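*Asks:* Sequence first, predicted model second:
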Amino acid sequence: MLDRLAVGLTMVGSGFKTRYQFPERVIKEAITNAVVHRDYRLNRDIHIRIFDDRVEVESPGRLPGNLTPATIDMAGSVPRNSLLARNLREFPAPPNVDAGEGVPMMFAQMAQANLYEPLYREQLDGAVPTLLVTLLNEERPPLWTQVSDWIDRNGSIANGKLREISNLDTLAASKQLRQWVAQGVLVALPAPSRQQASYTKPELAGLLDLTRSLSFGLDNEIEDDLKPI
């Protein structure tokens, strides 16, 4: 499998075959983490899916401990199966790095390769909860760094702010936002109209929904307090 994950396009016979840009170490770490950190109480296989534009590694179970998709890049991984992790470390060529260092390494190497950061998503709507890790086989545009930083600091971004950051016109900014949504690096937040649409990272969407719900409830309580008796 790993020999398919190189760079660019290769001539094969009369056509072209996709070759992948991911650092090999990132692929190995994603697969190793799926084995080490999966929930073995769940009767479900690990799935590795290879597409032209991405690779997906899906493993049974949610993130262990208090980890969330929004914090995993800073906190690293927490071994669910510590005995298995320790034994793998005894191999002559260990497939996993030291505890807590693997996921930050994945983020760092993807950034060095000018690719999008790994996308972590807990899938809870199926019969068995799973963790999906997606590695995009697409070069990250320079604009994404600014947009990602803005979202990290402010929670979400709208068309107007993207135009301000990028000097794109309205249509070009809308097209770029739609592309990021299609790639899965952004999701659209609920809005009363398209003109008021805003976008955030998938791992932050749940936190923003909760914050807005709490704020809405608080606003209602304040309004109720101000009503004449």
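*Replies:* That came through, no problem.

*Asks:* Would you map the strands across this structure?
*Replies:* In chain order, the chain shows strands spanning 9-12, 15-18, 47-50, 54-60, 119-123, 130-136, 157-158, 187-188, 198-200, with DSSP state E as the criterion.

*Asks:* which one of these has the lowest average pLDDT?
*Replies:* Averaging pLDDT over each of those singles out strand 9-12 as the lowest, with a mean of 45.

*Asks:* Low-confidence regions, the protein specifically.
*Replies:* Low-confidence regions of the chain, defined here as pLDDT under 70, cover residues 1-20, 76-78, 96-100, 207-229.

*Asks:* Centre-most residue in it?
*Replies:* A centroid search over the chain (Cα atoms, centre = their mean) returns residue 119, at 1.7 Å, as the residue closest to the centre.

*Asks:* dump the residue contacts of residue 47.
*Replies:* 56-58 (Cβ atoms under 8 Å, 6 or more residues apart in numbering). Backbone N, C-alpha and C define where each C-beta goes, glycine included.

*Asks:* Bridge partners for the closest residue to the residue nearest to the centre of the chain other than its chain neighbours, pull those for me.
*Replies:* When the adjacent residues along the chain are set aside, residue 119 lies closest to residue 134, with 4.2 Å between them (Cβ to Cβ, 6 or more residues apart in numbering). Residues found in beta-bridge contact with residue 134 (criterion: DSSP bridges) are residue 56, residue 119.

*Asks:* now residue 134: how far from residue 37?
*Replies:* In this structure, residue 134 and residue 37 are separated by 16 Å, where distance is defined by Cβ to Cβ, to the nearest Å.

*Asks:* Make JSON lines from the contacts of residue 47 and add distance to residue 105 and neighbour count to it.
*Replies:* Compiled in JSON lines, these are given as follows (distance: Cβ to Cβ, whole Å; neighbours: other Cβ atoms under 10 Å):
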{"residue": "56", "distance to residue 105": "19", "neighbour count": "16"}
{"residue": "57", "distance to residue 105": "15", "neighbour count": "22"}
{"residue": "58", "distance to residue 105": "21", "neighbour count": "19"}
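
*Asks:* List the contacts of the nearest residue to residue 161 once chain neighbours are set aside.
*Replies:* Taking Cβ to Cβ, 6+ apart, and ignoring the residues beside it in sequence, residue 161 has residue 150 as its nearest neighbour in space, at 6.8 Å. Contacts for residue 150 were tallied using Cβ under 8 Å, 6+ apart; they are 157, 161, 165.

*Asks:* The second one - how many residues pack around it?
*Replies:* Residues contacting residue 161 under the criterion other Cβ atoms under 10 Å number 17.

*Asks:* ok, it to residue 154 distance?
*Replies:* As for residue 161, its distance to residue 154 is 8 Å (criterion: Cβ to Cβ).

*Asks:* For residue 106, which non-adjacent residue is closest in space?
*Replies:* Take residue 106 and drop its neighbours on the chain: the residue closest to it by Cβ to Cβ, 6+ apart is residue 26, 4.9 Å away.

*Asks:* which residues in the protein form helices?
*Replies:* When assigned using DSSP state H, the helices of the chain occupy the ranges 24-37, 72-75, 82-88, 102-112, 142-154, 159-166, 170-183, 202-226.
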